[in-house]
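A.B. asks: return atomic coordinates for the entry below.
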Amino acid sequence: MLNSPGSSAPGVTAAPAGPDSPAGTAAVLEVRGLVKRFIGTLALDHVDFALRPGEIHALIGENGAGKSTLIKTLAGLYPPDAGEIRLEGRVVHPHGERLPISFVHQDLGLVDELSVGENVALVAGYPRAAGLIDWSEVWRRASRIYQTMGVAAPDPRSLVGTLNAANKALLGIVRALSREARVIVLDEPTASLPEPDARRLFDVLRKLRARGASAIYVSHRLNELFGLVDRVTVLRDGRHIRTAPIAEVTPASLVEDMLGRAVDFAHAAHVEHRTSAAVLEVTELRIGSLGPTSFRVEAGEIVGLVGLRGAGQRMIGRAIFGETRVGRGRILLDGAELSVADDIPRRVAAGIALLAGDRVRESVLFGMSLRENLYPDPALTHGSAWHLLSPAGERQRTQAVLAQFDVRPANSEAMIDWLSGGNQQKVFVARWLGRGARVYILEEPTAGVDIGAKLAIHRMVRDAANAGAAVLVVSSDFEEVAALCDRALIIARGQTIGELRAAALTMDNLVARSSLGGSAAG
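C.D. replies: From the prediction side, this is the model:
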């Protein structure tokens, strides 16, 4: 049942009063001395954590720090080996009982073929009248939750597949609020959202907090925590490192807590650009109704293609790779024009590589080893599908690559399923950067990875550029583009509407130029 607007958050029930917090209210959720082991690996080492009523509490740490294990323990997927979990003072056992905790995962688990109302009903249950589904109430309930959140509701009968990424993220929260909950857990809710959509989501979360919601907010984007969350807890190697009010920390201090060391952020983020031969030239490129656009990328350059979601930057990268057909225009590689009839294998053979943005659906081979994920196709590695492979030789090559790219565990026969998201991403970056391509197209290269993995991947990309490759970074993470790229091309409707470089290449300018459709900024 929903609470009335103005009392507490929809679907979130306020905690009773108590003496354990400065506001005089008890912790709504508390973890004490939690321990979880996996075959000798200590994933959680006596972790403590407390969430107060009406609080947004950030949970951060490198991939493998224990965040996912803690969340899955709260969800009942893993039984703890020691310690206790308390909900409003009562010891609970998530593995054996249903708790009023709602989860909004990075993979939202929405069903595109069903309507907005039906996706809500999958979690809240289908209301019935006279033994039949009450479809009118299905639609009303979904709209009512949006209304109590202060958000314009889409047509509850519309298919989820027609929604953009931002509205899908909001629907994930609506589903979480459709059942009585004391706590909402948001796992990387902005990982695939461009900056303006992320800010819209932040506004919704602030409204929920004002109405009494308690939320655990997991994110790798440290800057977005400031101005949003109340407190932050840092985990490292399965241990609790620090909990502090957000006002008492800085991004640099959080990074040092996460890594256990200070970090030099000036790791060749920008270089003095020297004009050299163009590796990639795109001229008057049109893709359907998008375009035209023209640009060039020189040897040693890292160029960002950025814009709001749906602006066409992803389509441009996919057209260069040969996946998306070009309506008109020319693509030249080292001065030689590529045929529009070239398919992906021909483009790969010519020296063009694409790191797909959705690693779960387009990159990872679940149930297979790191070696098999690094070398999935003999034709890619050896130029022929009929090449005879030496298992011992391939294992040796794999071990060298895992060491070079700092993949953990560095075991060629370990299953890809066992790795954290950041280490999985390193495997896929290594899959392509190890090929010596001429052009690398990298979609969201560090989406959903921790700061340590992000810095490592950035170094790998810079090394590839220094070796003479041309790199295109297709990203909605403006902070990453500002840190990694030498230039950024602002894309709208498939057209290049602006360019930022050197001192002008800042996150604020990227947001402004993208949001204002090319108006002058900074």
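A.B. asks: low-confidence ranges, the stretch 51-200 of the chain, go.
C.D. replies: Scanning the stretch 51-200 of the chain for pLDDT under 70 picks out the ranges 191-195.
A.B. asks: looking at this structure, which helix or strand is least sure?
C.D. replies: helix 378-382 (a mean of 56; mean pLDDT, DSSP states H and E).
A.B. asks: can you pull the buried residues of the helix or strand harbouring residue 196?
C.D. replies: For residue 196, the element it lies in under DSSP states H and E is helix 195-210. For helix 195-210, a neighbour-count test (16 or more other CB atoms under 10 Å) marks 195, 197-199, 201-202, 204-205, 208-209 as buried. C-beta: built from backbone N, CA, C; applies to glycine.
A.B. asks: same question, stretch 68-87
C.D. replies: So for stretch 68-87, counting by 16+ other CB under 10 Å, buried means 68-71, 73-76, 78, 80, 83, 85-87.
A.B. asks: now swap in stretch 355-365 and tell me
C.D. replies: Neighbour counts over stretch 355-365 (16+ other CB under 10 Å) mark 355-357, 359, 363-364 as buried.
A.B. asks: gap between the two ends of that stretch?
C.D. replies: Length of stretch 355-365, first residue to last, CA to CA, to the nearest Å: 14 Å.
A.B. asks: distance from the chain centre to it, please.
C.D. replies: Its chain's C-alpha centre and that of stretch 355-365 lie 12 Å apart, by CA atoms, centre = their mean, to the nearest Å.
A.B. asks: now do stretch 94-103
C.D. replies: In terms of CA atoms, centre = their mean, the gap separating the centre of stretch 94-103 from the centre of its chain is 25 Å.
A.B. asks: contacts for that stretch, please.
C.D. replies: Stretch 94-103 has contacts (CB atoms under 8 Å, 6 or more residues apart in numbering) with 11, 13, 29, 71, 73-80, 85, 87, 92, 175-177, 179-185, 187.
A.B. asks: among those, which are in helices?
C.D. replies: Using DSSP state H, 71, 73-74, 175-177 are the members of those that sit in helices.
A.B. asks: please enumerate the helices of the stretch 101-250 of the chain.
C.D. replies: 116-124, 135-149, 165-177, 195-210 (DSSP state H, counting those that start in this stretch).
A.B. asks: so what's the residue count around residue 428?
C.D. replies: For residue 428, the neighbour count with other CB atoms under 10 Å is 20.
A.B. asks: how close does it sit to residue 356?
C.D. replies: Going from residue 428 to residue 356 by CB to CB, to the nearest Å gives 8 Å.
A.B. asks: give me the common contacts of those two.
C.D. replies: In the contact map built from CB under 8 Å, 6+ apart, the residues linked to both residue 428 and residue 356 are residue 363.
A.B. asks: hmm, residue 173 is touching residue 146, no?
C.D. replies: No - the criterion here is CB atoms under 8 Å, and residue 173 misses it with residue 146 at 9.8 Å.
A.B. asks: still on that earlier bit, let's have the ones in helices among the contacts of stretch 94-103 in TSV, adding distance to residue 374.
C.D. replies: Putting these into TSV (distance: CB to CB, whole Å) gives the following:
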residue	distance to residue 374
71	29
73	31
74	34
175	37
176	37
177	42
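A.B. asks: would you point out the most distant pair within these?
C.D. replies: Greatest spacing in these, by CB to CB: 73 and 177 (22.5 Å).
A.B. asks: where does the stretch 201-350 of the chain have low pLDDT?
C.D. replies: Applying pLDDT under 70 to the stretch 201-350 of the chain picks out residues 263-276, 309-310.
A.B. asks: so where do the strands sit in the stretch 201-350 of the chain?
C.D. replies: Using DSSP state E, counting those that start in this stretch, the strands of the stretch 201-350 of the chain run over residues 215-218, 231-236, 239-245, 278-287, 290-298, 302-306, 328-333, 336-337.
A.B. asks: now those as TSV including mean neighbour count?
C.D. replies: Putting those into TSV (neighbours: other CB atoms under 10 Å) gives the following:
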stretch	mean neighbour count
strand 215-218	24
strand 231-236	22
strand 239-245	15
strand 278-287	19
strand 290-298	20
strand 302-306	27
strand 328-333	16
strand 336-337	10
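A.B. asks: so which of the ones you listed gets nearest residue 254?
C.D. replies: strand 231-236 (6.4 Å).
A.B. asks: quick one: that closest one to strand 239-245, angle?
C.D. replies: Angular relation of strand 231-236 and strand 239-245 on a 0 to 180 degree scale: 160 degrees, by axes from the mean of the first three to the mean of the last three CA atoms, to 10 degrees.
A.B. asks: other residues contacting strand 231-236?
C.D. replies: 47, 49, 52, 55, 57-62, 65-67, 70, 225, 240-246, 249, 254, 257-260.
A.B. asks: cool, and stretch 322-332?
C.D. replies: So stretch 322-332 is in contact with 278, 280-288, 291-292, 315, 318-320, 337-338, 340, 342-344, 346-347, 352, 354, going by CB under 8 Å, 6+ apart.
A.B. asks: all the helices of the stretch 351-500 of the chain, residue numbers only.
C.D. replies: Along the stretch 351-500 of the chain, counting by DSSP H, counting those that start in this stretch, helices occupy 359-362, 370-374, 378-382, 391-404, 421-433, 451-466, 478-484.
A.B. asks: with respect to residue 219, which of those lies nearest?
C.D. replies: Across the helices of the stretch 351-500 of the chain, residue 219 has its closest neighbour in helix 451-466 (10.9 Å, CB to CB).
A.B. asks: if we can go back for a sec, of all the buried residues of stretch 355-365, the one with the weakest confidence?
C.D. replies: By pLDDT, residue 359 ranks lowest within the buried residues of stretch 355-365, coming in at 74.
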